[in-house]
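Engineer: Provided below are the primary sequence and the corresponding predicted coordinates.
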Amino acid sequence: MSHHQHIVNKIHTIETLSHQLKLWTDANEKIVFTNGCFDLIHQGHVDYLAKAADLGTKLVIGVNTDASVNKLKGDHRPIQDEYSRQFILAAFEFVDAIILFGEQTPYDLIKLVQPDVLVKGSDYKPEDIVGYDIVKSKGGEIKTIDFLPGFSTSLIEKKIKNG
């Protein structure tokens with residue numbers, strides 16, 4: 001399989017992800033889930049995602065649709081369209097599946113994925129993380145990861161604007 005096809009195969013619909021999750025669950029894989037906009041990929045994103053991937057054997061990422069990024073971040077965002085953001089994330093060897101979500105929170109997606117580990121940044125308290133109840137009730141773990149200081153899409157955006 002070509003590298004390009006390998007990347008494309010990691011980008012899922014609800015149907016293809018459901019099938020993939022069943023295979024992983026049957027194989028006793030430890031599924032990790034996280035989500036975000038991932039607009040301009042930077043060192044902070046890579047550090048966070050690599051650490052998230054280390055918490056299990058399969059990493060699934062929920063990516064906000066363009067419309068939901070726009071609602072969250074304002075009219076100037078996203079800088080990159082949803083397919084570009086998915087494609088870039090799928091290129092990382094430690095990422096196993098990418099899926100878009102357009103709802104305000106990834107609650108329904110977490111319900112579908114039923115992750116063993118739910119991961120967010122440490123700016124959240126575990127019990128405040130969307131999906132906490134789903135993962136806790138199945139005996140899973142909720143983990144937070146510190147962000148690398150000095151790295152954010154907003155800072156990059158500001159740097160570009162201010163020259």
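Structural biologist: Arrived safely, thanks for sending.
Engineer: could you use CA atoms for every contact and neighbour count after this?
Structural biologist: Noted.
Engineer: the least confident helix or strand in the chain by mean pLDDT: how far from the chain's middle?
Structural biologist: Every helix and strand of the chain was ranked by mean pLDDT, DSSP states H and E. The lowest is helix 153-161, at a mean of 78. Relative to the mean C-alpha coordinate of its chain, helix 153-161 is positioned 21 Å out (C-alpha atoms, centre = their mean, to the nearest Å).
Engineer: buried sites along it?
Structural biologist: residue 153 (16 or more other C-alpha atoms under 10 Å).
Engineer: what does stretch 26-35 give?
Structural biologist: Those buried within stretch 26-35 under the rule 16+ other C-alpha under 10 Å are 30-35.
Engineer: and what of stretch 125-138?
Structural biologist: So, applying 16+ other C-alpha under 10 Å, buried residues of stretch 125-138: 126, 129-135.
Engineer: and the least confident of these?
Structural biologist: Sorting these by pLDDT puts residue 126 at the bottom of the list (90).
Engineer: how many residues are close by the nearest residue to that one once chain neighbours are set aside?
Structural biologist: Spatial nearest neighbour of residue 126, excluding adjacent residues (C-alpha to C-alpha, 6 or more residues apart in numbering): residue 142 at 6.1 Å. Here the count is done by other C-alpha atoms under 10 Å, and residue 142 has 22 residues near it.
Engineer: let me know the secondary structure of residue 142.
Structural biologist: Three-state assignment for residue 142 (DSSP: H, G, I helix; E, B strand; the rest coil): strand.
Engineer: would you mind confirming that it makes contact with residue 122?
Structural biologist: No. Assessed by C-alpha atoms under 8 Å, residue 142 is found out of contact with residue 122, at 11.0 Å.
Engineer: quick one: buried residues of the lengthiest helix in the chain?
Structural biologist: Taking DSSP state H as the criterion, the chain has its longest helix at helix 14-26. Burial within helix 14-26, assessed by neighbour count using 16+ other C-alpha under 10 Å, is assigned to 17, 20-21.
Engineer: need the phi and psi values for residue 32.
Structural biologist: phi -110, psi 140 (degrees, to the nearest 10).
Engineer: contact partners for it?
Structural biologist: Applying C-alpha atoms under 8 Å, 6 or more residues apart in numbering to residue 32 gives the contacts 52-53, 55-60, 115-119.
Engineer: could the residues you listed go into TSV alongside pLDDT, secondary structure and distance to residue 158?
Structural biologist: As requested, those are exported to TSV (pLDDT from 0 to 100; DSSP: H, G, I helix; E, B strand; the rest coil; distance: C-alpha to C-alpha, whole Å):
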residue	pLDDT	secondary structure	distance to residue 158
52	98	helix	27
53	98	helix	29
55	98	coil	33
56	98	coil	35
57	98	coil	36
58	98	strand	34
59	98	strand	30
60	98	strand	30
115	98	coil	35
116	98	coil	37
117	98	strand	34
118	98	strand	31
119	98	strand	27
